[in-house]
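Enquirer: Sequence first, then the predicted structure:
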Amino acid sequence: MEALIENASLVITASAVLAYVMSLLWELACPVLPADAGDGSTRWAGNFGLFFINHAVPYLVLPLVAVFAAWWADALGLGLLPALGAPFWLALITAWVALDLMGWLLHRAMHRLPALWRVHQVHHSDLRFDAALAFRFHPGEAALVAVTSSFVVVTLGLPVEAVLASSLVGALHNAFVHANASLGRRTETVVRWLLVTPDLHRVHHSAELADGMHNYGIVFSFWDRLFRTWRTPVGSGPHEFGITTERDPARLSLPRLLLMPFRRAG
């Protein structure tokens, strides 16, 4: 287990890349929306540049902060679950549910609070919706997720194995949910009762502000039903994505994406 923890950065990064490749093949085989015929070099450089910064800079991977927080809490015997003597299976389920709920709450806050939206808008600024969008997160958002996840991990005393498993599931699901593809009507209506699907998440990335205030789910979709932020997809979903303040692809290069939270729109 120690070897897995030591190489967790490589495992999570490799999982994210594998999930992207699988999602790419899926959307190439049966795309929901036609691919953009224009030059996507700036977009690809921006998305994959952010992926490199957030995940591949020599083992300084921000999602691993939660894993090391779990190791630290376990070493000191901190947290609610150890105090209650909870079995591992319960700790595993708790990790998946609690960390996903934290992600939902943070995601909603990033849409409601202007200061957080300035960072999160980098993810929503993409004018297209496909698997490459899974990598488009500002380092500031990655850091915020790492810190809030660590707070949940230490407070509950989640075991390292459970946190690592949750991180792996999140990395795999992140590429899947951004795919320009669909599960099909019958499968979609069943799966989305539990999990966020590309059809659901496509609504959230609509250029229409009202749509963006719905479907905040990360992995589990039932939070949006519970908190009444659910919006059912109609047909193939929206056909226009991005944010109203940034519609010029030339303004969405990697340097501009990194500076976006700190500059005025326009």
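Expert: Looks like it arrived, so ask away.
Enquirer: Low-confidence ranges, the stretch 1-150 of the chain, go.
Expert: Along the stretch 1-150 of the chain, segments meeting pLDDT under 70 span 1-10, 35-40, 55-78.
Enquirer: Do you have the helices of it handy? List them.
Expert: In the stretch 1-150 of the chain, the segments counted as helices under DSSP state H, counting those that start in this stretch are 2-6, 8-29, 41-51, 64-76, 80-84, 88-112, 114-124, 139-156.
Enquirer: Who are the packing partners of the longest one?
Expert: Right, the one you point to is helix 88-112. helix 80-84, helix 114-124, helix 139-156, helix 160-177, helix 222-226 (3 or more C-beta pairs under 8 Å, 6 or more residues apart in numbering; DSSP states H and E). For the C-beta atoms, the positions are set from N, CA and C on the backbone; glycine is no exception.
Enquirer: 10 Å instead?
Expert: Here helix 88-112 touches helix 64-76, helix 80-84, helix 114-124, helix 139-156, helix 160-177, helix 222-226, going by 3 or more C-beta pairs under 10 Å, 6 or more residues apart in numbering; DSSP states H and E.
Enquirer: Figure out which of the helices of the stretch 1-150 of the chain is closest to residue 166.
Expert: helix 88-112 (5.0 Å; C-beta to C-beta).
Enquirer: Name the residues of the closest one that come out as buried.
Expert: 91-92, 94-96, 98-100, 102-104, 106-111 (16 or more other C-beta atoms under 10 Å).
Enquirer: same question, stretch 178-186
Expert: Buried, per 16+ other C-beta under 10 Å, within stretch 178-186: 178, 179, 180, 181, 182, 183.
Enquirer: So which residue is smack in the middle of this structure?
Expert: A centroid search over the chain (C-alpha atoms, centre = their mean) returns residue 174, at 5.1 Å, as the residue closest to the centre.
Enquirer: ok, now how distant is the closest residue to that one other than its chain neighbours from residue 178?
Expert: Of all residues not flanking residue 174 in the chain, residue 134 sits nearest, at 4.7 Å (C-beta to C-beta, 6 or more residues apart in numbering). The gap separating residue 134 from residue 178 is 4 Å, by C-beta to C-beta, to the nearest Å.
Enquirer: Next, the contact list for the closest residue to residue 214 other than its chain neighbours, please.
Expert: Sequence neighbours aside, residue 231 is the residue nearest to residue 214 in space, at 3.6 Å (criterion: C-beta to C-beta, 6+ apart). For residue 231, the contact set (C-beta atoms under 10 Å, 6 or more residues apart in numbering) comprises 200, 203, 204, 206, 210, 211, 212, 213, 214, 215, 224.
Enquirer: ok, of those residues, which come out buried?
Expert: 200, 203, 204, 206, 211, 212, 214, 215, 224.
Enquirer: Next, give me the two most distant ones among those residues.
Expert: Top of the distance list for the buried ones among the contacts of residue 231 (C-beta to C-beta): 206 and 224, 14.9 Å.
Enquirer: ok so, going back, from the contacts of residue 231, pick the one nearest residue 156.
Expert: residue 224 (22.9 Å).
Enquirer: The closest one: what's its closest spatial neighbour, skipping adjacent residues?
Expert: Closest residue to residue 224 apart from its sequence neighbours, by C-beta to C-beta, 6+ apart: residue 230 at 4.1 Å.
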